[in-house]
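> Could you look at this predicted model? Sequence included:
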Amino acid sequence: MQLDILTPEHKIYSGNVYGVQLPGIEGSFEILDRHAPIIASLGKGRMKVIIDKNNTEVYEISGGFVEMVNNKASVLIEDAVAVN
């Protein structure tokens, strides 16, 4: 699936991924390839980008929204800090 992660200032990530784990306001959830359309609010917490079986990137986010439509996920967040 195509994943775009955007803040008001810049693009954090753009590319094809296997999935993404997100901190929803009512608990964490995961969006994988071919997920049904969804719009959800995000809270403060860790977002894990699952690029493939062996590669992931983790970010600490401060809240925002995610929209999944036509196998494209757009994550709109206030701020993100990479966690290693």
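Happy to help now that I have it. Numbers count the residues shown, from 1 in each chain.
> For the rest of this, base every contact and every neighbour count on C-alpha atoms.
OK.
> burial measure for Glu60, as a count.
A count of nearby residues for Glu60, using other Cα atoms under 10 Å, gives 16.
> name the element it belongs to?
Glu60 is located in strand 55-69, with elements delineated by DSSP states H and E.
> And the residue of the chain most remote from its centre, how close does it get to Glu30?
Ranked by distance from the centre of the chain (Cα atoms, centre = their mean), the top residue is Asn54, with 17.7 Å. Separation of Asn54 from Glu30 (Cα to Cα, to the nearest Å): 17 Å.
> What residues does Asn70 make contact with?
Arg34, Pro37 (Cα atoms under 8 Å, 6 or more residues apart in numbering).
> Repeat that for Val75.
Taking Cα under 8 Å, 6+ apart, one finds Leu3, Asp4, Ile5, Leu6, Gly64, Phe65, Val66, Glu67 in contact with Val75.
> which of the residues you listed sit farthest apart?
Using Cα to Cα, the two most remote members of these are Leu3 and Gly64, lying 15.1 Å apart.
> The residue nearest to Lys48 when sequence neighbours are not counted bridge partners, please.
Excluding the flanking residues, the one nearest Lys48 by Cα to Cα, 6 or more residues apart in numbering is Val58, at 4.5 Å. Beta bridges link Val58 to Lys48, Val83 when assigned by DSSP bridges.
> Do I have it right that Val58 meets Ala82?
Yes - Val58 sits in contact with Ala82 when judged by Cα atoms under 8 Å, with a separation of 6.0 Å.
> Counting neighbours, go ahead and name the busier of these two.
Neighbour count, other Cα under 10 Å: between Val58 and Ala82, Val58 has more, with 17 against 12.
> And the strands in the protein, which stretches?
Counting by DSSP state E, one finds strands in the chain at the ranges 2-6, 11-16, 19-24, 27-32, 38-52, 55-69, 72-77, 80-83.
> With mean pLDDT added, can I get these in CSV?
Listed next are these as CSV, based on pLDDT from 0 to 100:
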stretch, mean pLDDT
strand 2-6, 98
strand 11-16, 96
strand 19-24, 98
strand 27-32, 97
strand 38-52, 97
strand 55-69, 96
strand 72-77, 98
strand 80-83, 94
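> which residues are contacting stretch 50-60?
Under Cα under 8 Å, 6+ apart, the answer for stretch 50-60 is 16-21, 44-49, 80-84.
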